[in-house]
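> give me the fold of what follows.
(one chain, ligands or ions: 3)
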Amino acid sequence: MGYTAIVGLQWGDEGKGRIVDYLAENFNVVARFQGGANAGHTVTIDGRDYIFHLLPSGMLRPNVTGLIGTGVVLDMDVLIEEIERVEDITGRPLEGRLFIDGRATLVMPFHKAEDQWEERLRGGLGTTKRGIGQTYRDRYARFALRLIDLFNDEHMREAAKKCLEFNNQILGGRYGKPPFAIEPIIKQLKQFREKIAPFVADVPVKLKELENQGAEVLLEGAQGTFLDIFFGTYPFVTSSHTISGGASIGLGIAPWKITRVIGVTKAYTTRVGKGPFPTELDDEIGEEIRKKGHEFGATTGRPRRCGWLDLPMLRFAVLINGVTELAITKLDVISGLDEVKVAVEYELDGSRLKYPPINPVEWQKVKPIYKTLKGWESFWGNILPFEAEDYVKFIEKELGVRATIVSVGKERDAIAKRD
Ligand code: GDP
Ligand code: IMO
Ligand code: MG
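Numbering: from 1, shown residues only. Ligands and ions are numbered 1, 2, ... in the order given. Just a heads-up that it's a prediction; the model follows:
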């Protein structure tokens with residue numbers, strides 16, 4: 001059986017966690033492939049919100065085995081806290097149900113400190129300050145510590161020293177900060193090692209084993225397509241591969257095994273942090289969407305910027321992810337409006353564009369060309385009003401992909417019934 005990937009098609013927070021949790025009922029494995037504790041994936045069960053940063057969002061379903069791939073950067077405190085929380089909620093230890101690739105990279109305390117100081121120094125990108133960019137930088141510069149490095153004392157000390165030396169130079173030279181000392185770091189790593197040891201695995205091999213037992217596998221992306229390090233609105237992006245291809249690299253699976261790609265998009269657009277956003281609404285409609293959709297970051301609590309749906313963006317996202325199905329979320333949030341708008345193309349210096357320009361300077365300048373559709377009354381339950389159905393059909397037609405999931409609330413069963 002092929003694997004199913006879930007990816008965000010916008011700037012993150014599309015509702016991936018909610019969709020993963022919904023689908024996980026029919027899956028045996030949920031695997032995270034990139035990102036770190038910058039992610040905040042909300043799952044709502046019986047009125048209670050659970051926010052996942054590192055563990056796969058399907059973990060509240062007892063039938064689900066969770067995998068964390070080498071593409072993920074591990075914040076030690078957040079990981080332990082989250083494991084304990086899920087064990088508390090489910091009343092069962094996670095051992096035997098959670099496997100973390102020994103090749104995954106560790107976020108160090110100085111990475112998080114640097115992220116804070118860098119944000120202050122440069123006026124910042126508006127990061128989540130979780131040390132994400134710094135950790136991936138060290139991984140690619142080959143200074144990073146990997147989870148597996150902790151399991152040999154001598155090697156751990158050597159790797160930590162190398163990483164620390166490099167980072168202390170940055171801390172002193174760029175930010176004028178005192179160096180971090182090695183001993184407290186070694187102590188922290190040893191404490192972490194003890195707690196995490198039962199979960200360390202060779203994830204590609206484990207996945208093969210599970211597959212041989214007939215497991216259905218769901219791959220959970222974090223962030224969104226336009227935060228991708230290669231294809232996003234650079235430099236206002238995160239530092240990992242958020243697109244479906246990232247699942248192959250981040251978990252160690254063959255690309256052809258991913259046969260189904262569910263692209264998650266809100267029924268409108270949001271963004272936290274800086275960068276271009278052509279359909280952003282600086283008016284009372286934007287404010288209303290923010291209020292009604294509770295558009296405040298699940299990780300940082302920052303207000304999210306809100307705007308209309310942007311089809312040039314989604315067209316590109318469908319293209320590079322190879323989206324086979326759409327999941328549209330938060331359709332309920334834009335109900336009660338007289339009319340809703342959708343950007344169908346952009347205009348730039350007199351020409352029409354179907355896709356966003358590569359050049360960010362041009363993307364800042366484009367004017368969205370809107371199609372206005374009839375709004376619909378607020379609704380209860382999961383039967384879509386006629387106009388809301390039209391809205392979904394319009395998106396499906398423009399993108400050439402069917403919306404197999406339309407979410408109309410944050411609870412598990414708030415999925416629209418459609419023909
Ligand atoms: P993720 O990062 O993609 O998992 O998304 P977040 O959890 O950061 O943000 C999505 C927010 O929208 C969360 O607060 C969800 O509870 C909420 N949500 C998801 N789907 C729906 C929906 O269909 N309707 C409403 N009203 N809220 C939703
Ligand atoms: P989920 O998985 C929304 C944004 C930050 C910032 C940029 C870089 O919940 O969808 P980083 O801390 O990654 O270096 O920040 O990326 N960002 C997100 N925005 N949802 C997320 O994750 C995000 N993770 C990072 O706001 O603009
Ligand atoms: Mg989120």
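> could I get the lengthiest helix in the chain in PDB with only the CA atoms?
Among the segments of the chain that qualify as a helix by DSSP state H, the longest is helix 153-175. Written as PDB, here are the backbone C-alpha positions of helix 153-175 (Å, rounded to 0.1, in the frame of the first residue of the first chain):
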ATOM      1  CA  ASP A 153      30.100   9.300  26.400                       C
ATOM      2  CA  GLU A 154      33.400  10.100  24.700                       C
ATOM      3  CA  HIS A 155      31.700  10.800  21.300                       C
ATOM      4  CA  MET A 156      29.000  12.900  22.900                       C
ATOM      5  CA  ARG A 157      31.600  15.100  24.600                       C
ATOM      6  CA  GLU A 158      33.500  15.500  21.400                       C
ATOM      7  CA  ALA A 159      30.500  16.300  19.300                       C
ATOM      8  CA  ALA A 160      29.100  18.800  21.900                       C
ATOM      9  CA  LYS A 161      32.500  20.500  22.200                       C
ATOM     10  CA  LYS A 162      32.700  21.000  18.400                       C
ATOM     11  CA  CYS A 163      29.200  22.300  18.200                       C
ATOM     12  CA  LEU A 164      29.700  24.600  21.200                       C
ATOM     13  CA  GLU A 165      33.000  26.000  19.900                       C
ATOM     14  CA  PHE A 166      31.400  27.100  16.700                       C
ATOM     15  CA  ASN A 167      28.300  28.600  18.300                       C
ATOM     16  CA  ASN A 168      30.200  30.400  21.100                       C
ATOM     17  CA  GLN A 169      32.200  32.200  18.400                       C
ATOM     18  CA  ILE A 170      28.900  33.300  16.800                       C
ATOM     19  CA  LEU A 171      27.500  34.300  20.200                       C
ATOM     20  CA  GLY A 172      30.500  36.400  21.100                       C
ATOM     21  CA  GLY A 173      31.300  37.800  17.600                       C
ATOM     22  CA  ARG A 174      27.800  38.600  16.300                       C
ATOM     23  CA  TYR A 175      25.900  39.300  19.500                       C
END
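> near ligand 3, which residues of the stretch 201-350 of the chain?
When proximity is defined by CB under 5 Å from the ion, the stretch 201-350 of the chain lies next to ligand 3 at Ala298. Backbone N, C-alpha and C define where each C-beta goes, glycine included.
> and the residue of the stretch 201-350 of the chain closest to ligand 3?
Closest contact between the stretch 201-350 of the chain and ligand 3, by CB to the ion, is at Ala298 (4.4 Å).
> helix or strand: which one has that residue?
Using DSSP states H and E, Ala298 sits within no helix or strand.
> tell me the phi and psi of it?
Backbone dihedrals for Ala298, given as degrees, to the nearest 10, come out at phi -70, psi -20.
> mind checking what secondary structure the residue of the stretch 1-150 of the chain found nearest ligand 2 has?
Using CB to the nearest ligand atom, the single residue of the stretch 1-150 of the chain nearest to ligand 2 is Gly12, 2.5 Å away. The three-state assignment at Gly12 reads coil, by DSSP: H, G, I helix; E, B strand; the rest coil.
> and it, how many residues sit next to it?
Using other CB atoms under 10 Å, Gly12 has 29 neighbouring residues.
> equivalent analysis for Ile358, please.
Neighbours of Ile358 (other CB under 10 Å): 9.
> re the thing from before, wait, doesn't the residue of the stretch 1-150 of the chain closest to ligand 2 sit right on Leu227?
Yes. Using CB atoms under 8 Å, Gly12 is in contact with Leu227, at 5.6 Å.
> wait, what's in contact with the closest residue to Glu25 other than its chain neighbours?
Nearest residue to Glu25, sequence neighbours excluded (CB to CB, 6 or more residues apart in numbering): Arg61, at 6.4 Å. Counting by CB atoms under 8 Å, 6 or more residues apart in numbering, Arg61 makes contact with 21, 24-25.
> which of the residues you listed are buried?
Taking 16 or more other CB atoms under 10 Å as the criterion, what is buried in those is 21, 24.
> between the contacts of Arg61, which is closest to Gly293?
Ranked by distance to Gly293 (CB to CB), the contacts of Arg61 are led by Asp21 at 18.4 Å.
> and the closest one, how far from Thr269?
Using CB to CB, to the nearest Å, Asp21 is found at 23 Å from Thr269.
> now do Ala403
Ala403 is 16 Å from Thr269, by CB to CB.
> ditto for Ile51
22 Å.
> more neighbours: the two, which one.
Thr269 (27 against 15).
> what does that one show for phi and psi?
phi -130, psi 140.
> quick one, what contacts it?
10-11, 277, 279-280, 306-310, 313 are the contacts of Thr269 under CB under 8 Å, 6+ apart.
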